[in-house]
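[1] need coordinates for the below:
(one chain, ligands or ions: 1)
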Amino acid sequence: MPTEITLPRYMTRFRCIAERCEDTCCAGLKIPVSPSDARRMQPALAAHPAQAEHLRQSAGPESDEGSGQTPFLPMHPDGTCAFLDPQRMCALQRGHGEDALPDVCATFPRVVTARAGHWELSGSLACPEVVRLSLLAEDAMRPESQPFPSPLIPRPEAVRHLSRDPAEGYTFHAESVRAALLRLLDREEHPLATRLALLGQLAYAVDDFYFRGTDAFGEKTRAEAEARLSEALQRFDDPEAREAVHQEFSGLALPGGPCVGLFTSVVKARMAARGGRVRDWGRSVLESLGLEEGGPGDLDAAWSLYTQRWQALNAAQGPRLAQYFHHYVAHFLWRTSFTEFPSLLAYVFRLALRVGLVRLTLTGHPKVVALLEEPSSPEALESLELAVVETVQTVAKHVEQSLEFLSLTKGLVGTGRGAETLGKVLVFASF
Ligand code: SF4
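    Numbering: from 1, shown residues only. Purely as a prediction, here's the structure:
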C-alpha cells in the first residue's frame with residue numbers, strides 16, 4: 001500500500017450532490033456483483049426479498065459453486081436500479097450503510113489506478129458533478145498529493161493495478177511515454193488540433209517497435225529499442241519539430257460529411273437503445289444540425305453548419321472552450337492507461353475520435369445554438385457551461401462505452417497500427 005496518493009485538484013472538491021444530481025449513477029448501467037460483493041450484501045438483502053431473488057436468478061443455476069454467470073443488480077424498466085427509492089436515494093446505503101454496497105457503487109465515480117510505485121485517483125466523466133468540477137475550474141487538473149489511507153478510497157482492495165513487467169517493454173516504459181504525452185498536451189502555444197496531431201505523430205514514431213506484445217525490448221535488442229524510444233519521446237520537445245507538424249497538419253482538408261455520418265449513426269443507435277434522457281438529447285442535437293432520426297439527411301450541410309458554429313463559438317468563448325477541451329484531453333491521459341490498448345496509436349485514435357464526437361454534439365446542443373444568437377448576453381457563459389456538462393457526461397456515460405461506439409472504433413482503427421491509422425487520427429484531430 002502507498003503512503004500517499006496523487007489526484008487532480010478537482011477530486012479534492014468532489015462531493016456527491018445526491019438528489020440534486022441531474023442524473024443517477026446507476027441509471028442505464030449494468031452493475032456487476034462479484035462473489036465478495038454478494039457476501040457483503042447478504043445481510044441487507046434479507047430486507048429486500050424480491051431484489052434478492054432477482055439477483056439470485058441472474059447468477060444462473062450454478063452460481064453457488066462459483067461457475068454461474070456474473071450476476072447484475074436488478075433494474076427497473078426505466079433503467080434505474082431496483083434499490084433506488086422514491087426519493088432517488090439508494091435503499092441499500094440508506095438502510096444498511098456504505099458497507100452493504102457492491103464495489104462499483106461504493107467507489108463510483110472515483111477511479112483509482114495503482115501505477116508503478118504510486119496510486120492515482122481520478123473521476124468518471126459519467127458523473128455530471130465530476131464533469132463540472134474537472135472542466136469548468138481553471139485549476140481543476142493540477143496534481144495534488146494526499147496521505148493514504150484516505151476516505152477518498154473506501155475500498156483499497158478493489159483498486160485497479162496496472163502491470164509493469166520488466167520483460168515487456170510496452171508496460172515497463174509506460175510512465176515515461178505517458179509523461180511525454182502530457183508534456184505535448186501542455187504545449188498550449190499550439191491549438192488543440194495540432195497537439196492531437198503531435199500525439200499521433202509521436203505514437204507513429206514508435207509504432208514499429210513499441211506495442212503490446214513487442215519483443216524489441218528483449219535482452220539482445222533492448223539497448224537499441226530504449227535509445228529509439230527515448231529519441232522519439234523527446235523529438236517534439238524541439239519547437240521546430242512541433243512547428244513542422246503544425247504547418248503540415250494545418251493544410252489538411254477534411255472529408256467532413258462522412259465523419260458527421262459516422263458520429264450521428266452512433267448517436268442514433270444509442271437513442272434507439274436507451275430512450276429517456278439520451279433520446280431527448282440525441283433528438284435535439286440531430287434536429288439542430290438539420291438531420292433526422294430516421295434517415296441519413298444532408299451530411300455535408302450538417303458539416304458546413306458544424307464548422308460555422310464551431311468558428312462562431314470560438315470567436316465568442318474561445319479561451320473557455322480551449323480550457324474545457326484541454327481539461328477533457330488531460331483527463332483522458334490521466335485516467336485511461338494506453339497499455340489497455342494494443343498500441344499507442346490506437347489509444348490516440350480513440351482520444352481523437354472522442355474529441356470529435358463531443359465537438360460535433362456540443363455544436364448541436366440547443367443552448368449553444370441560443371448562445372450563438374446572442375453571444376454577448378450575460379447568460380452566454382452559463383449556457384455554454386450547461387451545454388458542455390450535459391454533452392460530455394451524456395457521451396461518456398451513454399455513448400463511449402456502448403457496443404455501437406466500440407464497434408465503430410474497432411472497425412475504423414483496424415489493427416491500430418501503421419500509416420493508415422495515423423491518417424485517421426489526423427482526420428479526427430482536425431474535426
Ligand atoms: S452521478 Fe455523481 S453526483 Fe450524481 S448521484 Fe452519482 S455520484 Fe452523485
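
[2] give the buried residues for stretch 288-296.
    If you call a residue buried by 16 or more other CB atoms under 10 Å, then stretch 288-296 has these buried ones: 288-289, 291. (Each C-beta comes from the backbone N, C-alpha and C, glycine too.)

[3] okay, those in a markdown table with secondary structure, pLDDT and distance to residue 241 next?
    Shown next, in a markdown table, are the buried residues of stretch 288-296 (DSSP: H, G, I helix; E, B strand; the rest coil; pLDDT from 0 to 100; distance: CB to CB, whole Å):
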| residue | secondary structure | pLDDT | distance to residue 241 |
| --- | --- | --- | --- |
| 288 | helix | 95 | 40 |
| 289 | coil | 95 | 37 |
| 291 | coil | 94 | 40 |
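
[4] state the distance from the closest residue to residue 78 other than its chain neighbours to residue 132.
    Spatially, and ignoring its direct neighbours in sequence, residue 78 is nearest to residue 276 (6.8 Å; CB to CB, 6 or more residues apart in numbering). Separation of residue 276 from residue 132 (CB to CB, to the nearest Å): 21 Å.

[5] likewise for residue 312?
    Residue 312 is 24 Å from residue 132, by CB to CB.

[6] and these two? which has more neighbours close in?
    For the pair residue 312 and residue 132, the greater number of neighbours falls to residue 132 (21 against 15), based on other CB atoms under 10 Å.

[7] shouldn't residue 7 be within a strand?
    Yes. Assessed with DSSP: H, G, I helix; E, B strand; the rest coil, residue 7 lies in a strand.

[8] please name the residues that touch the nearest residue to it once chain neighbours are set aside.
    Using CB to CB, 6+ apart and skipping residues adjacent in sequence, the residue nearest residue 7 is residue 121, 4.0 Å away. Applying CB atoms under 8 Å, 6 or more residues apart in numbering to residue 121 gives the contacts 5-7, 11, 110-112, 152-153.

[9] which one among the residues you listed gets closest to the ligand?
    The closest of these to the ligand turns out to be residue 110 (CB to the nearest ligand atom; 9.0 Å).

[10] just checking, that closest one touches residue 151?
    No. Look at residue 110 against residue 151 with CB atoms under 8 Å: they stay out of range, at 10.6 Å.

[11] those two: who's more crowded?
    residue 110 (19 against 6).

[12] what does the pLDDT read for that one?
    On pLDDT, residue 110 comes in at 95.

[13] give me the phi and psi for it.
    Main-chain dihedrals, residue 110, degrees, to the nearest 10: phi -80, psi 140.

[14] what does the one 5 residues further on give?
    When read as degrees, to the nearest 10, the backbone of residue 115 gives phi -100, psi -180.

[15] who does it bridge with?
    Beta-bridge pairing for residue 115 (DSSP bridges): residue 118.

[16] I'd guessed it sits against residue 175; true?
    Yes. Using CB under 8 Å, residue 115 is in contact with residue 175, at 6.7 Å.
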